[in-house]
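**Q** fold the following and give me the result.
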Amino acid sequence: MSKLSFINKVVYFFNGVFALLLLLSYVLPFLPPKTFGILAVLNLGVSFLILMNLLFLLYWLIKLKKQLILSLVVLVIGYFTYGSLYKFSSSKHIENSGNFKVMNYNVRLFNLYDWLPEENVETKIVDLIKDASPDILSIQEYHPHKNVDLSFFKYKYEKLSGKKTKSGQAIFSNFPIINSGSIEFPNTANNAIFADVVNGKDTIRVYNIHLESLKINPEVESLKNEDSERLFQRVNSTFKEQEFQTELFLEHRNKCHYKMIICGDFNNTDFSYVYRKIKGDLNDAFIEAGSGFGKTYHFKFFPIRIDFIFADDAFSVNGFNTFKGHYSDHYPITTTLSSK
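**A** Numbers count the residues shown, from 1 in each chain. The predicted model follows:
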């Protein structure tokens, strides 16, 4: 260290800070937000912390300095604990006569309040869904928009709230729905719903979860105007609420004995406590069959994956796709499944 120049000492100091934060973020999925709420904010920036440590590693590699070991060790620990941030393998697609497709999409009320300046966003969303041709569709922030026609699905279950503008979650299916219901989350419009669908001889429980939103505008100018202390307090409070909602969901899920598929917008990443608890021993369809970063939320500077489809081990995950159509602040995802 004494042989380093002043500039390199400064660089190594910040390298140490980012390495420590990344190492700490690896532990957070195992710590309840109710106890470590403020620290849980790191969940949102894990991809950024990984990229920063990669840059530090590259810097020391170019300099041919042994200080590269710090970021290298932390990145290797993360790789063997959580896998790669970027999936280099191409998306697999296995043809199977029993294949069916599941889609998840937070549609942001079909652009009801013109967040996007583009015209006819709602009909473009419908066209995207038609082209994807899912057998089961899970929608968050659903609104029965006058221009939205999803009648090409035979069955649906929706749970809406609100006085002037009705919104909520919905499940559409081409398989018969024999049972459905809602898991109410107190003092919020967010909730979880379920539908039991029959596909051949299988009865499948499909959950659609929308956990509490962080209410953060991802645009940089908006983030600059946020009071940092108030922002951290809000995130802290939201993560604690998400933990409570997850507990309510798990209590309901543990009583189900059907094959299970869980879809949803968790408003948290795959490095979070709620992701780990909800996923349990299910398979993350992106990890099984996806490629790239799997980005599902529109944020300019680093990829964030907060929308998920989990499948019971009784299913083979035969394909996965992340769509790039920017008609919401989320990107839709699909997975192709078949019973084993």
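**Q** how about Lys154, nearest residue that isn't a chain neighbour?
**A** Asn174 (5.3 Å; C-beta to C-beta, 6 or more residues apart in numbering). C-beta: built from backbone N, CA, C; applies to glycine.
**Q** and if you look at Lys130?
**A** Sequence neighbours aside, Phe152 is the residue nearest to Lys130 in space, at 6.7 Å (criterion: C-beta to C-beta, 6+ apart).
**Q** does that neighbour count as helix, strand or coil?
**A** coil (DSSP: H, G, I helix; E, B strand; the rest coil).
**Q** list phi and psi for it.
**A** Dihedral pair for Phe152: phi -70, psi -10, per degrees, to the nearest 10.
**Q** that one: neighbour count?
**A** Other residues within reach of Phe152, judged by other C-beta atoms under 10 Å, total 11.
**Q** how about low-confidence regions in the stretch 101-250 of the chain?
**A** Within the stretch 101-250 of the chain, the stretches with pLDDT under 70 are 216-229, 231.
**Q** tell me which stretches of it form helices.
**A** Along the stretch 101-250 of the chain, counting by DSSP state H, counting those that start in this stretch, helices occupy 121-132, 220-224, 228-253.
**Q** helices or strands next to the last one in the packing?
**A** Applying 3 or more C-beta pairs under 8 Å, 6 or more residues apart in numbering; DSSP states H and E, we find helix 228-253 packed against helix 33-36, strand 177-184, strand 191-199, strand 202-210, helix 273-279.
**Q** what comes up buried for the first one?
**A** Which is helix 33-36. Neighbour counts over helix 33-36 (16 or more other C-beta atoms under 10 Å) mark 33, 36 as buried.
**Q** before we move on, what about the second one?
**A** If you call a residue buried by 16+ other C-beta under 10 Å, then strand 177-184 has these buried ones: 177, 180, 182-183.
**Q** which pair in the residues you listed spans the largest distance?
**A** Using C-beta to C-beta, these reach their maximum pairwise distance at Ile177 and Ile183, which is 16.5 Å.
**Q** residues near the residue nearest to Arg234 when sequence neighbours are not counted, how many?
**A** Nearest non-adjacent residue to Arg234, counting by C-beta to C-beta, 6+ apart: Lys215, 6.8 Å away. Per other C-beta under 10 Å, the neighbour tally for Lys215 reads 10.
**Q** quick one: the spatially closest residue to Pro176 that is not a sequence neighbour from Ile139, how far?
**A** Nearest non-adjacent residue to Pro176, counting by C-beta to C-beta, 6+ apart: Val198, 5.0 Å away. Counting by C-beta to C-beta, to the nearest Å, the gap from Val198 to Ile139 is 21 Å.
**Q** who has more neighbours, those two?
**A** Applying other C-beta under 10 Å to Val198 and Ile139 shows that Ile139 carries more neighbours, namely 27 against 14.
**Q** my guess is that one contacts Phe110. True?
**A** No. Counting by C-beta atoms under 8 Å, Phe110 is not a contact partner of Ile139; they are 9.6 Å apart.
**Q** export the helices and strands packed on helix 228-253 to TSV and tack on distance to Gly83?
**A** As requested, the helices and strands packed on helix 228-253 are arranged in TSV below (distance: least, C-beta to C-beta, whole Å):
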stretch	distance to Gly83
helix 33-36	23
strand 177-184	30
strand 191-199	27
strand 202-210	23
helix 273-279	13
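**Q** return the closest of the buried residues of strand 177-184 with respect to Asp114.
**A** Proximity to Asp114 was ranked across the buried residues of strand 177-184 by C-beta to C-beta; first place goes to Ser182, at 29.1 Å.
**Q** for the residue nearest to that closest one when sequence neighbours are not counted, grab the count of nearby residues.
**A** Leaving aside its sequence neighbours, Ser182 sits nearest to Lys159 (C-beta to C-beta, 6+ apart; 4.4 Å). For Lys159, the count of nearby residues is 20 (other C-beta under 10 Å).
**Q** for Lys159, give its distance to Ile309.
**A** Taken as C-beta to C-beta, the span from Lys159 to Ile309 is 19 Å.
**Q** again, but for Glu118
**A** From Glu118 to Ile309 the distance is 27 Å (C-beta to C-beta).
**Q** so for the two, which residue has more residues nearby?
**A** In this view Glu118 and Ile309 are compared by other C-beta under 10 Å, and Ile309 has more residues nearby, 26 against 11.
**Q** many thanks, we can stop here.
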